[in-house]
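*Asks:* Sequence plus predicted model, see below.
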Amino acid sequence: MKTLKNISFWLLFIAIAAVAILPIAQSNVSMREDFFLILMLVILASSTNIIMGYTGYVSFGHIVYFGSGGYVAFYLMQTFQWHFVPAALVGGCVASLLAFLIGMPVLRLRGAYFALATIGINEAVRSFVSNFEPFGGSVGMFFNFGVYDVYGGAKNAGQFAYYAMVVLALVTIATSFLIKKSKFGLGLMSIREDQDASMVLGINPARLKVITYTISAFFPAIAGAIFFFKNGLIEPGPAFELHRSVEALVMVMLGGFGTVTGPIVGAVVYERLRGFLITNETFSNFHLVIAGGLLLLIVLFVPAGLVGWLRLRFAAVRRFLE
Amino acid sequence: MNIEALIASTFDGLMLGFVYGLMAMGLTLIFGVMKVINLGHGPMIAIGMFAVLVMSQALGINPYLTLPVIVVMGILTGIVMYFLALHRVINSPELTTLLATFSVNMMITGLMTVIFTTSPRGLDVTLGSLQFGQVTILGTRVTAVVIAVVVTIALYLFLYRTRQGKSIRAVANNRSAAELMGINSSWMLGLSFGMGTMLAMISGMLLATMFSFTVLTGNTLETKSFVIVVLGGLGNPTGALFGGIIIGLLESITTIFIPVSWVPVLEFVVFIMILLVRPNGIFGARSS
Amino acid sequence: MILSVENVSKRFGGLQALDKVTLSVKEGEIFGIIGPNGAGKTTLFNTINGVYPPTEGHIKFRGDDVTGLQPYDLSKRGIARTYQVVRPLGELTVHENVTVGACFGRENLPLEKAEKVADEVLEFVGLTVRRDILASKLNVAQKKRLEMARALAARPILILLDEVLAGLNPQEVADMLGVVRKIREQGVTIVMIEHLMHAVMNLSDRVFVLDYGAQIAEGTPQEVSNHPKVIEAYLGDPEVAKRFLEGTSS
């Protein structure tokens, strides 16, 4: 396929893989933990970009798939002693199914209505899970001691989770790239620009939107499975924390929506900023304020985001930074 | 099933609904005039709640006396927010204004969390109650409804009887035509935004007299406002009022049958149903 | 008859926008639709092209009943359409815009082939030099050409042109007319809504006149311009009409 001959794809892929291997090569656990989190944010941001950046449909409540995938996988591992890999995959599939079912009616709506609906979905699923006894209700679930034995103990499980996150990140980015450079992606961007005109040009917006939304739910779900597997504990609040998907949105806008590298850059920059703010005495409580301020500045003055702006300004960059 | 419990719930829901309606009117007014979904609605409600708390405690006065201050505060805050966050991007696509108002939400919520922390607060207000057999109607609720109704009437008088109000409606109808008539549309938009936030703040004040609250309550109420606004028809203030009453009744009556924790799920299902079956709302979407 | 519209009516609440409109278009001809503002011309296009279904009546394309089908289905069958108020895909380049047309139109081409077709079409309409510019940055005349190019890239059998000449200066009009003629030479059937009388009268093989949603005349340009009802609908004043008509009979 054309993408595999594309130089920027391989550059990106190798760069990410190289950075990801670093903590393993140096046996640096705190770096590994740091990167674990950043990779997770990259996955969340990229998935948000797949639906938002390419189709223009803002999914404010995208975190619902993170929580859903996490819960389903956790449940299978804890209750039925499933191994992580099949459990996570099932979690991903369930989340995609959920996205498909919800997406079909809800994606018929235009921009703002959709955005509101996604918030409602997250809140509803969270309320539901809080009441759902098999998932532990409002208390959540936690692993029994034996669960990590299969992986060689809790420490090894941590390393395993890291590898999983790296693989997932690479797959997510590759998917994002493939979509963007394909005929499918062109159709999506056409819908984003003008849905009605797209219909006249032969595009079936409903079908493309639903497929995209379904795909975009898969990756956060598995990320959730990995995250809560490592945590050993899952609760409704953290699993469906609306602010996480909002932060993903800020990352996408910061880096540049509609691009592949934008969400990655956005995630890294945002996380570093947040890390700095939280550990800093004066700013720690203000991180929400600063994130909000940052988003506002971007929206008002640099709506294309960092990567977007670079691509607009410097044509040469376009070849290398998708 | 207890008939008297049902009657009590109905009254309760009805009264709560009026306040919800007022709350949602702010959101729908802004949409009707400038096609912007104000994701900063929640914090505005929260500001109203905390404003009445702080003022009544600091000055030791009856909370209801803070109403004029909150009115002015609401309008000014809205105007400032409009010119800072929206003016520049008012003609941009929806996504942009959504994110702009959302960023304001983040900033205000963050700031309030720093100042007030997330611990629950309550206002000490008792206005006695009326008894009808087993049914108790709280004085605070009645007062809230009365104020909500008065504010609504005032709003209508303003929009239909005053020059500013008519200018706002002109701008909502056709912005360029209004400008050709010499109306400064930016100021009118700012003013309407101010009125929307004022309604949110007043409803926050009234809700504070009825329930305990935290800095995050505003955001929960924002989600509720969306449901009401869509139910009543985006841009339709009367629809918002009736939508609020419906939701108020729904909430109060269903808690007889299902546990309280399921109510958000129910509201969301209603929301989705409306979006699918009658996206224009029960009373029809309008621009002002 | 490549396209037949049979007794098509369209109501919007209390407004009767189209009233039992019946017409047929022969393959390869240029069929003009004229009428005063608000006559329902664009509404007619919208029903043909699937934007909304007619309240009554049928639309047949190449023998198949296509009434009420979605725009994307009609596009795949070979009906393309341009808009009166152009709708470029702003954040995509000119080339990408046209590629969309080639990808999702009748031939449903894969991306690489579509990109080549797009280049050919850009050449045909004369926009090659603006290939990599963002569509939102073009001027009106260029946007109109882009709109045409996008429609043509789908290799349609029938193309509906909605006021392609509106907003163009005389030179741009002449250029655009040239493009329309070239399209006809390619064998594409054209139905065009136009206000510019001399253009539509010169170009069309047959003309159909709408007023208040109903047909008031149909025939060759000569027959139609002499028709009393047409004159009345447009102009009212016979003296002005006479002078006007003398101008078109060249």
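*Replies:* Sure thing, it's come through.

*Asks:* State the phi and psi torsions of the residue of the stretch 1-150 of chain B found nearest chain C.
*Replies:* Using C-beta to the nearest C-beta, the closest approach of the stretch 1-150 of chain B to chain C is made by B:Pro93 at 10.0 Å. Yep, even glycine has a C-beta here, placed from its N, CA and C like the rest. Comment: the main-chain dihedrals of B:Pro93 come out as phi -60, psi 160, following degrees, to the nearest 10.

*Asks:* Around it, how many other residues sit close by?
*Replies:* Each residue near B:Pro93 was counted by other C-beta atoms under 10 Å in any protein chain shown, and the total is 14.

*Asks:* Quick one: residues contacting it.
*Replies:* Each residue near B:Pro93 by C-beta atoms under 8 Å, 6 or more residues apart in numbering or on different chains is listed here: A:Gly56, A:Gly111.

*Asks:* Just to check, A:Phe257 is in contact with A:Ile51?
*Replies:* No - A:Phe257 sits out of contact with A:Ile51 when judged by C-beta atoms under 8 Å, with a separation of 10.5 Å.

*Asks:* Would you mind giving the domain segments of chain C?
*Replies:* Residue ranges for the domains of chain C, per automatic domain parsing: C:1-38+C:48-78+C:157-230, C:86-156.

*Asks:* Quick one: those as CSV, columns for mean pLDDT and distance to A:Glu133 too.
*Replies:* Supplementary listing: those in CSV, determined by pLDDT from 0 to 100; distance: least, C-beta to C-beta, whole Å:
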stretch, mean pLDDT, distance to A:Glu133
domain C:1-38+C:48-78+C:157-230, 90, 45
domain C:86-156, 90, 48
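
*Asks:* Out of those domains, which one sits most buried?
*Replies:* domain C:86-156 (a mean of 21; mean count of other C-beta atoms under 10 Å in any protein chain shown).

*Asks:* close to chain B, is that one?
*Replies:* No - for domain C:86-156, no contact with chain B is found by C-beta under 8 Å from any C-beta of the partner chain; the gap never falls below 10.0 Å.

*Asks:* wait, C:Thr47 sits on C:Glu56?
*Replies:* No - applying C-beta under 8 Å as the test, C:Thr47 and C:Glu56 come out as separate, 10.4 Å apart.

*Asks:* Show me the common contact partners of those two, please.
*Replies:* Each of C:Val8 lies in contact with both C:Thr47 and C:Glu56 under the rule C-beta under 8 Å, 6+ apart.

*Asks:* so which strand or helix has the spatially most central residue of chain C?
*Replies:* Against the mean C-alpha coordinate of chain C, by C-alpha atoms, centre = their mean, the closest residue is C:Leu161 at 1.5 Å. In this assignment (DSSP states H and E), C:Leu161 forms part of strand C:158-162.

*Asks:* who in chain C is up against chain A?
*Replies:* C:49-51, C:70-72, C:75-76, C:80-81, C:83, C:87, C:89-92, C:96, C:99-101, C:103-106, C:108, C:110-112, C:114, C:150, C:154.

*Asks:* Next, count neighbours for B:Ile115.
*Replies:* The local packing count at B:Ile115 equals 11, with neighbours defined by other C-beta under 10 Å.

*Asks:* For it, give its distance to chain A.
*Replies:* Counting by C-beta to the nearest C-beta, to the nearest Å, the gap from B:Ile115 to chain A is 10 Å.

*Asks:* Low-confidence bits of the stretch 101-250 of chain B, can you list those?
*Replies:* Confidence mapping of the stretch 101-250 of chain B against pLDDT under 70 gives the ranges B:132-134.

*Asks:* so where do the helices sit in it?
*Replies:* When assigned using DSSP state H, counting those that start in this stretch, the helices of the stretch 101-250 of chain B occupy the ranges B:139-161, B:163-173, B:175-180, B:185-208, B:217-232, B:237-254.

*Asks:* for the third one, which positions count as buried?
*Replies:* Along helix B:175-180, the positions that meet the burial threshold by neighbour count (16 or more other C-beta atoms under 10 Å in any protein chain shown) are B:Arg175, B:Ala178.

*Asks:* So which other helices or strands are in contact with that helix?
*Replies:* Using 3 or more C-beta pairs under 8 Å, 6 or more residues apart in numbering or on different chains; DSSP states H and E as the contact criterion, the secondary-structure elements in contact with helix B:175-180 are helix B:163-173, helix B:185-208.

*Asks:* And the first one, what's buried?
*Replies:* Looking back up the chat, that one is helix B:163-173. B:Gly165, B:Lys166, B:Ser167, B:Ile168, B:Arg169, B:Ala170, B:Val171, B:Ala172.

*Asks:* ditto for the longest one
*Replies:* Within helix B:185-208, the residues that count as buried by 16+ other C-beta under 10 Å are B:185, B:187-208.

*Asks:* In chain C, what residue comes closest to chain B?
*Replies:* Residue nearest to chain B within chain C: C:Gly90 (10.0 Å; C-beta to the nearest C-beta).

*Asks:* Check for me that that residue belongs to a strand.
*Replies:* No - according to DSSP: H, G, I helix; E, B strand; the rest coil, C:Gly90 belongs to no strand; its state is coil.

*Asks:* That one and A:Leu321: what is the separation?
*Replies:* Counting by C-beta to C-beta, to the nearest Å, the gap from C:Gly90 to A:Leu321 is 21 Å.

*Asks:* What of C:Lys26?
*Replies:* Note on C:Lys26: its distance to A:Leu321, by C-beta to C-beta, is 53 Å.

*Asks:* partner residues bridging the residue nearest to the centre of chain C?
*Replies:* Each beta-bridge partner of C:Leu161 is listed here: C:Met192, as defined by DSSP bridges.

*Asks:* mind listing the helices for the stretch 151-300 of chain A?
*Replies:* With DSSP H, counting those that start in this stretch as the criterion, the stretch 151-300 of chain A has helices at A:154-180, A:183-193, A:195-200, A:205-231, A:236-239, A:242-255, A:261-279, A:287-301.

*Asks:* I'd like those helices as JSON lines, with mean pLDDT and mean neighbour count appended.
*Replies:* Shown next, in JSON lines, are the helices of the stretch 151-300 of chain A (pLDDT from 0 to 100; neighbours: other C-beta atoms under 10 Å in any protein chain shown):
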{"stretch": "helix A:154-180", "mean pLDDT": "91", "mean neighbour count": "19"}
{"stretch": "helix A:183-193", "mean pLDDT": "92", "mean neighbour count": "23"}
{"stretch": "helix A:195-200", "mean pLDDT": "91", "mean neighbour count": "22"}
{"stretch": "helix A:205-231", "mean pLDDT": "94", "mean neighbour count": "25"}
{"stretch": "helix A:236-239", "mean pLDDT": "90", "mean neighbour count": "19"}
{"stretch": "helix A:242-255", "mean pLDDT": "87", "mean neighbour count": "26"}
{"stretch": "helix A:261-279", "mean pLDDT": "87", "mean neighbour count": "20"}
{"stretch": "helix A:287-301", "mean pLDDT": "87", "mean neighbour count": "20"}
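
*Asks:* What ranges does chain C have for its helices?
*Replies:* C:41-48, C:71-77, C:94-104, C:111-125, C:140-153, C:170-185, C:197-203, C:221-225, C:228-234, C:238-248 (DSSP state H).

*Asks:* Please identify which of those is closest to A:Ala17.
*Replies:* Taking C-beta to C-beta, helix C:111-125 is the member of those nearest to A:Ala17, at 27.0 Å.

*Asks:* Contacts only, for C:Val21.
*Replies:* C:Val21 makes contact with C:Val5, C:Asn7, C:Val8, C:Ser9, C:Gly40, C:Leu44, C:Gly57, C:Leu210, C:Gly213, C:Ala214, C:Gln215 under the criterion C-beta under 8 Å, 6+ apart.
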